[in-house]
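Peer 1: Sharing a model that was predicted from the sequence below.
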Amino acid sequence: MSTRRTITWDGEEVTAIIEGDGRSGVLLAHGAGTNQEHPSIVVLRQGLAAGGLKVMTFNYPYTERGAKRPDRQDRLLACHRAAAAALSDDVDELFLAGRSMGGRMGTYLVAEGHPAAGLVLYAYPLHPPGKPEKLRINQFEDIAVPMLFFQGTMDTLSRMELFNEHIAPLATAEVEILDGAGHGYRGGGWNLETISDRYVAGTLSWIARISSGTTK
């Protein structure tokens, strides 16, 4: 059963949905082209909650008002920060998770010092479309918490050779390779159901190990 709440900050507000009642919490952020009601986010929220976690999703301001173009990064981060603070009050440990852009915003929050037990990154956008030279990696120098990456070998926003060079060697990173998967949910033999099942199973197993103090 899910409940709704309002996240507020600096005179702004967005809607959040909470599911599950575990003492470990996951803040799950949507990607640039979706919102928290998109099937890809709903199935993740429900699956992680069924596995014993308290999961909260939220809309960024632009999706709350029905726009398609993402807000400026500072506004996205202000919203994300407020959502993280709200869920932190209800759980013993907080994991920041996100799909594509939502995961990237989570890395910036942790890099700036927001407390988190770990980061879960579904299809991290290592670079913008068609611009592999514009790597989004500088923030990782300031991240010391465990990180779990789900990386598709055919992801056009994270070329495999660049991922292997810049992300896989990070000291706190673990990687689950999705052979043939692209940035979306279809192709290479994958679909929404199979890739979501992989996300949920891998995330639950990893969080259980992190929470118990087992790193590998």
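Peer 2: Everything's here; your move.
Peer 1: where are the low-confidence patches of the chain?
Peer 2: Within the chain, the stretches with pLDDT under 70 are 214-216.
Peer 1: element containing Leu94, please.
Peer 2: Element membership for Leu94 (DSSP states H and E) is strand 93-99.
Peer 1: With only the CA atoms kept, save that strand in PDB.
Peer 2: The C-alpha coordinates for strand 93-99 follow below in PDB (Å, rounded to 0.1, in the frame of the first residue of the first chain):
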ATOM      1  CA  GLU A  93      19.800   4.300   6.900                       C
ATOM      2  CA  LEU A  94      19.200   6.000   3.600                       C
ATOM      3  CA  PHE A  95      20.300   4.800   0.200                       C
ATOM      4  CA  LEU A  96      20.000   7.200  -2.800                       C
ATOM      5  CA  ALA A  97      19.000   5.400  -6.000                       C
ATOM      6  CA  GLY A  98      18.000   6.700  -9.400                       C
ATOM      7  CA  ARG A  99      17.500   6.000 -13.000                       C
END
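Peer 1: Indicate each strand paired with that strand and its parallel or antiparallel sense.
Peer 2: strand 24-29 (parallel), strand 118-122 (parallel) (DSSP bridges).
Peer 1: Now find how far off-centre the longest one is within its chain.
Peer 2: Going by CA atoms, centre = their mean, to the nearest Å, the spacing between the C-alpha centre of strand 24-29 and its chain's C-alpha centre is 8 Å.
Peer 1: Show residues contacting that strand.
Peer 2: When contacts are defined by CB atoms under 8 Å, 6 or more residues apart in numbering, strand 24-29 is touched by residues 41, 44-45, 48, 52-58, 60, 80, 83-84, 87-88, 90-99, 101-103, 105-106, 117, 120, 203, 207, 211. The way it works is simple: take the backbone N, C-alpha and C, and place the C-beta from them, glycine included.
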